[in-house]
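# What follows is a predicted structure for the sequence shown.
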Amino acid sequence: EDEGDIARREQTAQLIQLTGYNQIVKYYRQIPEKLLEAGAGNNKGNRWKVIFLFLMMNVSGLSVIHEETLRDINRTLSWLIGNEANFYIWNLIEKTFSILHIQAERYPATGLNCVLNMGRGVYKTGDSDLVNHFVENVIDLGFQAPMLSGVGDDWQVKVNPSHILNIRTWLELIELNPKHSIRLISSLTIYLSLCGVFIKDTDLFPRDITRILNSDIESVYNLIKQLARLFPVYFNDIGAEGNLRDISMRIDELYQRKDVLVHFLRKQSHVESSNLIILFMEATLKFWQTRDKELLKPFVPPVIFNQIHCEGPYIDGINAVVNHLARKNLNFPVDLLTIEEVRVKALLADMKDASEIDIEKMLLAVSFYRHLQQKYHLDFIEINNYVQKLKTEAFPGLDKLEAALAEPSLRKKIAMMLEYLEFLKYLILSDKPFEVKEDIYKKRHFTVDIPSMYGSYHEMKFDALGLTFRLESLVNTLFEELVESTDLSLITKATFYQIYDHLMLFDKALKIEGIHSVEVERQIEMLAHSLEARGFTFTQYLDIFKGFAQAVKNIINDHFGNIHGKNLMGIIDKLSANQVMKKYLPANGEPEKENMQHRISEIFFRDRIAMTTGIQQLDLFLSRILSTLFQQANKLPNEQLQQLLLYDPKNAMALIHGVSPRVSGIIHLGSKGLNMVKLNNYGMPVPPGFIITTEVFRCREIIESYKPAEDNFREQVVQQISAIEERTGKSFGSPGNPLLFSVRSGSAISQPGMMDTFLNVGINEEITE
């Protein structure tokens, strides 16, 4: 053995005596507790401890215990926030978040848990400035987007596991004090709108909805609703139960479970069901139409994808059926949501070469698609079935809702629906917590050995909110019909009565939505006063409706622009294009940053407004009113404008066999007209006819000089003639079965020899021959 070997051996022996890495880590682990004990006498132990924990987080060599250290920081912070002065907590928040910015990406779950525990302590202080400071830091930390990336061979969706945890963390913070969490509610709304939301049935998210509804949300009700609408969780059955299960099994059994795509679709709806399955269903329908297999790639595991064929018995027949439907002017597949099954069968009736199995497959697929849409989306498709399910749980007031749904009068239907929505709002904002009926059963799916669950969840506030969203979707459609059916081609004082009635409905809808506008109320009061006052001018009416339009703009600014605008710009700057949903991105690639901000903002605000009850429809209604008022102001001098205001087109005509009480006297009908109405009422044989009232003569000049008024008059004449054609079975101007009129002039006072008569009006050469 030479001297070199001896030296190396001695050197090795000396090195062995040195402290090893594990020992160093062990000593670091012990120091925080020793500092806590050392400072126990002067209550500075936790301060010293957290300072050293922060130091440990900055030592890269201690990365193996950084997650553990974060947990210790978490626990220590909870004590400090509850026991230290606010100015110290302020600095503590700054320091903690500076560490979380570095470590949260590596340890997202631990980081979010730390945020939640900090938040619980901060909110307990009741210091609004401190809470706002904390919330700003939470938002600045960013959000865990779902980042969906297909389905693995274990049949589970590849998703960021911290996504649902991030949602729940922020919701729990909001629950602590909703009115102090406006920025946090807004930011969560923005992130979920831009990045999307992925929640599985098995996450049992309805529990989270119940908790947020049981917090003090009344002062931020509209903002909470904007957020809550984004969660695809308003259903009671976990997984595929009831009709969904039956339909999915029937379609799978058509080919004895050998159609790989359909079989996987069925299993996903049972085991891994989520809002993603609607997109999967749409991709399946499009694949059947186009045979483009790539459409399915995001929704099926690679092993299943490789087994799907673009030709063969499982695609050829259904491809022909789908394309037959597509050729019938259907917007495929979206129109399948609203088309009745009877109509689908009728469209397929002339397809002679289709097998019964493929037609049955199509019908079941349509039904399955509709049921999935009804489950995960907040529209009113299958609303009657939804109501029937709630009936089995003894949900209150459903008889009133059913009466509203069956009401034929559009105006009355909206009023009844709003009354029921008001009742639902009362339930949701009730201080009383309701009983939770939760029947959840867990099992393990033997095919791919993954856990799943099934069962149901019912709770009064949760059910009330889900029903509210679906009914609001229907009410928005009804408001659109109301605006569309209101004749605003000519606006007179009589029209303002109808407009006032409609505006009262809109105002009630806004209040139920949680939007209270003093400006709208003031304008409604002014309009009501104008209808009772004499001498109210056209210009004053124009000013009232300009005020209405400004009030709606202010509502949009107050409840959307001012709340979300600043947060939205900050969040857009943080997000990369791959985190943003496709609908916000242009089809021709990634846009420039400035254009992207503008595009995202426009789509975001448009969607928020469209989802809010009544606002979009009210804005359209007021725009149409102002358009007509401006047109009348530009076309007519002031004297005629005032005369037009006094004209009531609804009093212009009356059927002899059905006179309205509005025009039943001699002043409107004249002596001859009134006598014929009386004879008819006595049961005498009076021929069908109609009376053009003195209202037309009084405003004859304005009717003849202003085209919209003339068009309205002519349209009413056509309607009256049509009514008499229907009553007599004859046709005006028809040679085969002509309807001829005798036209007599008249007045309230008898004037012998002064009146004109026209006989056989409607005769022509063909009829004469």
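Here it is on my side, so go on.
# can we go C-alpha only for contacts and neighbour counts from here?
Will do.
# Endpoints of stretch 551-565, how far apart?
Distance across stretch 551-565, first residue to last, is 19 Å (C-alpha to C-alpha, to the nearest Å).
# next one: stretch 569-585
16 Å.
# Please list the outside residues in contact with that stretch.
If you take C-alpha atoms under 8 Å, 6 or more residues apart in numbering as the criterion, stretch 569-585 is touched by 142, 145, 147, 187, 190-191, 194-196, 590-591, 596-597, 599-600, 603.
# cool, and stretch 648-656?
Residues outside stretch 648-656 that contact it (C-alpha under 8 Å, 6+ apart) are 492-495, 660, 662-663, 673, 676-677, 680, 688-696, 712-713, 716, 720.
# Kindly write the ChimeraX command that selects the buried subset of the residues you listed.
Selection of buried members from those for ChimeraX, criterion 16 or more other C-alpha atoms under 10 Å:
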select :492,493,494,495,663,673,676,677,680,689,690,691,692,693,694,695,696,712,713,716,720
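# Which of the contacts of stretch 648-656 fall in helices?
Within the contacts of stretch 648-656, residues falling in helices by DSSP state H are 493-495, 673, 676-677, 680, 694-696, 712-713, 716, 720.
# So the residue nearest the centre of the chain versus Glu602, what's the distance?
By C-alpha atoms, centre = their mean, the chain has its centre lying nearest to Met611, at 3.9 Å. Separation of Met611 from Glu602 (C-alpha to C-alpha): 14 Å.
# ok, now Pro301?
36 Å.
# Looking at the two, which one has more neighbours?
Pro301 (19 against 12; other C-alpha atoms under 10 Å).
# Return the residues in contact with the more buried one.
Going by C-alpha under 8 Å, 6+ apart, Pro301 touches Gly150, Val151, Gly152, Asp153, Asp154, Trp155.
# surely the fourth one meets Pro302?
Yes: the pair Asp153 / Pro302 is scored as a contact, 6.5 Å apart, by C-alpha atoms under 8 Å.
# Give me the more crowded residue out of the two.
Set Asp153 next to Pro302 and count neighbours by other C-alpha under 10 Å: Pro302 wins out with 15 against 12.
# Measure how buried the closest residue to Ser269 other than its chain neighbours is and give me the count.
Closest residue to Ser269 apart from its sequence neighbours, by C-alpha to C-alpha, 6 or more residues apart in numbering: Ala240 at 5.7 Å. Using other C-alpha under 10 Å, Ala240 has 24 other residues around it.
# mind checking the SS state of Ala240?
Assigned by DSSP: H, G, I helix; E, B strand; the rest coil, the conformation of Ala240 is coil.
# re the thing from before, wait, what's in contact with the residue nearest to the centre of the chain?
Ser473.
# can you rerun that using 7 Å?
Counting by C-alpha atoms under 7 Å, 6 or more residues apart in numbering, Met611 makes contact with nothing.
# So for it, what's the pLDDT?
Looking at Met611, its pLDDT reads 94.
# Relative to Glu67, how far out is the residue nearest to Ser269?
In this view, Ala240 and Glu67 are 39 Å apart by C-alpha to C-alpha.
# to the chain's geometric centre, what's the distance from the stretch of helix or strand Ile139 belongs to?
Using DSSP states H and E, Ile139 sits within helix 128-141. Remark: helix 128-141 is offset 29 Å from the chain centroid, using C-alpha atoms, centre = their mean, to the nearest Å.
# list the buried ones in the helix or strand just after that helix?
Using DSSP H and E, the helix or strand that follows helix 128-141 in sequence is helix 162-176. Within helix 162-176, the residues scored as buried using 16+ other C-alpha under 10 Å are 162-176.
# repeat for stretch 537-546
Buried residues in stretch 537-546 (16+ other C-alpha under 10 Å): Phe538, Tyr541, Leu542, Ile544, Phe545, Lys546.
# List the contacts of the third one.
It refers to Leu542. Leu542 neighbours (C-alpha under 7 Å, 6+ apart): Leu629.
# next helix or strand past the lowest-mean-pLDDT helix or strand in the chain?
Lowest by mean pLDDT, DSSP states H and E among the helices and strands of the chain is helix 45-57, with a mean of 67. Of the helices and strands lying after helix 45-57 in sequence (DSSP H and E), the nearest is helix 66-83.
# Report all helices and strands that that following helix contacts.
If contacts are counted by 3 or more C-alpha pairs under 7 Å, 6 or more residues apart in numbering; DSSP states H and E, helix 66-83 sits against helix 45-57, helix 108-125.
# Would you mind writing the CA trace of that helix as CSV?
Only the C-alpha atoms of helix 66-83 are listed here, as CSV (Å, rounded to 0.1, in the frame of the first residue of the first chain):
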residue,chain,number,x,y,z
HIS,A,66,-40.5,22.7,0.2
GLU,A,67,-44.0,21.3,0.0
GLU,A,68,-43.8,20.2,3.6
THR,A,69,-42.5,23.7,4.5
LEU,A,70,-45.4,25.3,2.7
ARG,A,71,-47.8,23.3,4.9
ASP,A,72,-45.9,24.5,8.0
ILE,A,73,-46.1,28.1,6.7
ASN,A,74,-49.8,27.6,6.2
ARG,A,75,-50.3,26.4,9.8
THR,A,76,-48.2,29.2,11.3
LEU,A,77,-49.9,31.9,9.2
SER,A,78,-53.3,30.9,10.6
TRP,A,79,-52.1,31.6,14.1
LEU,A,80,-50.3,34.9,13.2
ILE,A,81,-53.3,36.3,11.3
GLY,A,82,-55.5,35.6,14.2
ASN,A,83,-53.2,37.1,16.8
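# if I look at the residue nearest to the centre of the chain, how far off is Asp292?
For Met611, the distance to Asp292 equals 34 Å [C-alpha to C-alpha].
# Give me the number of neighbouring residues for Asp335.
Asp335 sits with 13 neighbouring residues when counted by other C-alpha under 10 Å.
# so what's it scoring on pLDDT?
Note for Asp335: predicted pLDDT of 85.
# so which strand or helix has His668?
Assigned by DSSP H and E, His668 falls in helix 666-681.
# With Ser269 instead?
Assigned by DSSP H and E, Ser269 falls within helix 260-271.
# and Glu438, helix, strand or coil?
For Glu438, the assignment made with three-state DSSP gives strand.
# For Lys200, see how far away it is.
17 Å.
# of the two, who's got more company?
Neighbour count, other C-alpha under 10 Å: between Glu438 and Lys200, Lys200 has more, with 19 against 13.
# What backbone torsions are found at Asp153?
Backbone dihedrals for Asp153, given as degrees, to the nearest 10, come out at phi -70, psi -10.
# Could you give the number of residues near Ala404?
For Ala404, the neighbour count with other C-alpha under 10 Å is 21.
# Mind telling me what element it is part of?
Assigned by DSSP H and E, Ala404 belongs to helix 398-406.
# Could you name the helices and strands sitting against that helix?
When contacts are defined as 3+ C-alpha pairs under 7 Å, 6+ apart, helix 398-406 sits against helix 410-428.
# What residues of the helix it packs on count as buried?
Result for helix 410-428 [16+ other C-alpha under 10 Å]: buried residues 411, 413-425, 427-428.
# What is the nearest of those residues to Leu644?
Distance ranking of the buried residues of helix 410-428 against Leu644, using C-alpha to C-alpha, places Arg411 first at 26.2 Å.
# so who does the closest one touch?
So Arg411 contacts nothing (C-alpha under 7 Å, 6+ apart).
# give me that answer again for 8 Å
Leu482.
# Wait, Ala354 touches Asp316, no?
No: shown here, Ala354 and Asp316 do not form a contact pair, counting by C-alpha under 8 Å, at 10.1 Å.
# Which helix or strand contains the closest residue to Val552 other than its chain neighbours?
Of all residues not flanking Val552 in the chain, Asp619 sits nearest, at 6.8 Å (C-alpha to C-alpha, 6+ apart). Per DSSP H and E: Asp619 is located in helix 615-635.
# That helix: which residues count as buried?
Here helix 615-635 shows 615-626, 628-629, 632-633 as buried, counting by 16+ other C-alpha under 10 Å.
# Perfect, that will be all.
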